[in-house]
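Chemist: Sequence and predicted structure below; questions after.
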Amino acid sequence: MLDKLRDFAEKYDMLSSGDVVVCGLSGGADSVCLLLSMREISREIGFSVEALHVNHCLRGDESDRDEEFCRCLCSRLKIPFKAVSCDVRGYAEKFSLSTEEAARELRYAIFRDNSHGKKIATAHNADDNLETVILNLVRGTAVKGLCGIPPVRDNIIRPMLAVTRREIEEFLDLQGQDYVTDSTNLTEDYTRNKIRRRIIPVMRELNASLTETSVNTIDGIRSENDFIESETAAALEKCLKNGVLSDMSDYDEVIRRRCAAKLLRDNGLLISHKRLEECGKIMQNGGKLNISGNIYFVSDGKNSRLEKIIPKSEELISIPLKIGENSLFPDTVMICEIVECESLTKIDFVNKKLTFSLLDYDKIIGKTVVRNRKYGDRIRLSGRDFTSSVKKIINEKIPKNIRPTLYFIEDGEGIVFGEMIGVAQRVTPDENTKRLLKITVIRK
């Protein structure tokens, strides 16, 4: 196992003499193996090892037990140790995140704050990488998502990505080293655990060496993606000036899409396969594409850029959506609340008097704003298999005096809610819904 780890670390130039490597130490098998491995290899290469434990304070006495285990282990190994506690639940509630998302954000923030001038080593292994690729594939991904977890990112290194969980446990058995087990890893409450405990075992019935095979597959995809990234970087160097992409029509469609993705990402805009596909065509043939709100991707077939376009007949009013009161117009307010939902059979999606609407809060994508109606709005309503013109719906069912002050909610993909119209099909609650966004518009 150590040889495999050494080769992988050398391939990605992770470790050098004089480095200070801070190992993220949870107390689990993976991180304990990482710590012992780094301690062993440090003697050969000449770097120093430290340990950092993040106590997420989610499991009461069990969390404290893990911290104490890590402290004792580092004391015995004579490795400098530091523990930092954080309030995951409070952070999740404050920023409307899942517990998993909140824990990850806080963990990496703590890593960053405690590794200035140092490297952070995390214990992600080959099994973790396979799970990540499957998760990305399920959610929808491009080639980058199939590359899995990056071996190196900024000062973060992951030297165990080529090592399997079975090899880790065998290594610890040979060392006679114990470790702690996080009880949440034994449940199926989290998406990744469902992949680990349900999907991968079925895949192993088809290939007993699934994880080992995935290491080579992911490595091949990563190498090919690196080549595409290199070609994209060269195209951007030549063609991107002052926010304008010029003379892209002769480049392969893959390169055009990635250049468009760079332009959108640099401006904080959401990217998707369909959106990049359309941008790639526009770069070659000319045209314009609405990206978000009044932001359009515009091209004359030679020069492509992002432009803010506001129809002269309408003034767009837009504010970031917040949980609580949102007001665009005098004497009106839209109230948004997050409702936890264990079973959707216990609640109506929209009550009979239409005084409020509900949508799946976790299906919202990217930045979310509250705004008025704008020219060209379209929505695919819940229960329909076609997209409708908002203007047509409004003209058919809503009084003229109310139309100018209707409330709309838009995320990175488009409209998800229209007052007196309904919610979009893609955010409609279903049996997997965990959190609902309750929307109430009050007109005085």
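Modeler: Looks like it came in fine. Numbering: from 1, shown residues only.
Chemist: Which stretches in the stretch 251-400 of the chain count as strands?
Modeler: Here the stretch 251-400 of the chain has its strands, by DSSP state E, counting those that start in this stretch, at 287-292, 295-299, 303-308, 318-320, 324-326, 332-340, 357-360, 369-371, 378-379, 388-389.
Chemist: Would you mark the buried spots in the fourth one?
Modeler: Residues of strand 318-320 classed as buried: Ser318 (neighbour count, 16 or more other CB atoms under 10 Å). Any C-beta I mention is one placed from the backbone N, CA and C, and that applies to glycine too.
Chemist: Can you give the strand pairings for it, parallel or anti for each?
Modeler: Taking DSSP bridges as the criterion, strand 318-320 forms sheet pairs with strand 369-371 (antiparallel).
Chemist: Now do the buried residues in the partner strand.
Modeler: Result for strand 369-371 [16+ other CB under 10 Å]: buried residues Val369, Val370, Arg371.
Chemist: got CSV for the strands of the stretch 251-400 of the chain, with mean pLDDT and distance to Gly176 too?
Modeler: Shown next, in CSV, are these (pLDDT from 0 to 100; distance: least, CB to CB, whole Å):
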stretch, mean pLDDT, distance to Gly176
strand 287-292, 85, 57
strand 295-299, 90, 60
strand 303-308, 91, 60
strand 318-320, 91, 55
strand 324-326, 92, 56
strand 332-340, 91, 45
strand 357-360, 92, 49
strand 369-371, 94, 57
strand 378-379, 92, 62
strand 388-389, 88, 67
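Chemist: how about those strands in JSON lines, adding distance to Cys72?
Modeler: Below are the strands of the stretch 251-400 of the chain laid out as JSON lines (distance: least, CB to CB, whole Å):
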{"stretch": "strand 287-292", "distance to Cys72": "52"}
{"stretch": "strand 295-299", "distance to Cys72": "55"}
{"stretch": "strand 303-308", "distance to Cys72": "55"}
{"stretch": "strand 318-320", "distance to Cys72": "47"}
{"stretch": "strand 324-326", "distance to Cys72": "46"}
{"stretch": "strand 332-340", "distance to Cys72": "38"}
{"stretch": "strand 357-360", "distance to Cys72": "45"}
{"stretch": "strand 369-371", "distance to Cys72": "51"}
{"stretch": "strand 378-379", "distance to Cys72": "58"}
{"stretch": "strand 388-389", "distance to Cys72": "64"}
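Chemist: got any ranges where the stretch 251-400 of the chain has weak pLDDT?
Modeler: Along the stretch 251-400 of the chain, segments meeting pLDDT under 70 span 310-314, 342-355.
Chemist: any chance you could map the helices in it?
Modeler: Taking DSSP state H, counting those that start in this stretch as the criterion, the stretch 251-400 of the chain carries its helices at 253-266, 273-285, 390-397.
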